[in-house]
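Task: produce atomic coordinates for the following.
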Amino acid sequence: MNREFKLRFDQMREGNPSKAEEDADENLLPNSAPARSLCLVWPNGRRFFLSYAYLMAGELHLSREKNEILLYFSSHTVTLRGYGLESLFTELMQHLPRLIYQSEERYVTPEQNQGAFATQIEVKKSDE
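Next up, the predicted model:
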């Protein structure tokens, strides 16, 4: 049973099958998105997107000062460094994030650091 069917079934049980998801996050893909892509956004406005269909593997390193996520696409390797990246890694495994923004490190404060903050994004073309 897919997630969208279960959601609709639960809505029918509650008596309102036409009700939309209330807490939809604009940075996450909807369940019914036909083509799933990940767009990386830098502070200078640069954007780069990759298709989740070509995501082969991912690694999470928590032992360093900053957390690090390595994403291996068939044509590129993406490195994300930052704080609290464990939740982002879990979302990436499920192909949920649509946009990942690089935050300026000087603006990330301990009080604000309750979610995932990518302070560095690197994209490298894979060797062929």
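
Dihedrals phi and psi, Ala35?
Dihedral pair for Ala35: phi -110, psi 120, per degrees, to the nearest 10.

so how many other residues sit close to it?
8 (other CB atoms under 10 Å). Heads up, the C-betas are built off the backbone N, CA and C, glycines and all.

how near is it to Arg98?
With distances taken as CB to CB, to the nearest Å, Ala35 is found 11 Å from Arg98.

Repeat that for Leu71.
When Leu71 is compared with Arg98 (using CB to CB), they lie 15 Å apart.

is the spatially most central residue of the chain in a bridge, and if so with what?
When CA atoms, centre = their mean is applied to the chain, the residue found nearest the centroid is Pro97 (2.9 Å). Beta-bridge pairing for Pro97 (DSSP bridges): Leu28.

can you give me the strands in the chain?
Per DSSP state E, the chain carries strands over the ranges 37-41, 47-51, 55-61, 67-73, 76-83, 99-101, 117-125.

Show me the shaky parts of this protein.
Applying pLDDT under 70 to the chain flags residues 1-13, 15-25, 29-33, 108-114, 128.

Distance-wise, check the spatially closest residue to Lys125 that is not a sequence neighbour relative to Ser51.
Nearest non-adjacent residue to Lys125, counting by CB to CB, 6 or more residues apart in numbering: His76, 5.8 Å away. Distance, His76 to Ser51, by CB to CB: 11 Å.

for Phe73, same thing?
8 Å.

for Asn67, same thing?
Taken as CB to CB, the span from Asn67 to Ser51 is 24 Å.

Looking at these two, which is more packed in?
In this view Asn67 and Ser51 are compared by other CB under 10 Å, and Asn67 has more residues nearby, 22 against 13.

Name whatever forms a beta bridge with that one.
For Asn67, the beta-bridge partners are Gly82 (DSSP bridges).

doesn't Tyr83 make contact with it?
Yes: Asn67 lies in contact with Tyr83 (CB atoms under 8 Å); the separation is 6.4 Å.
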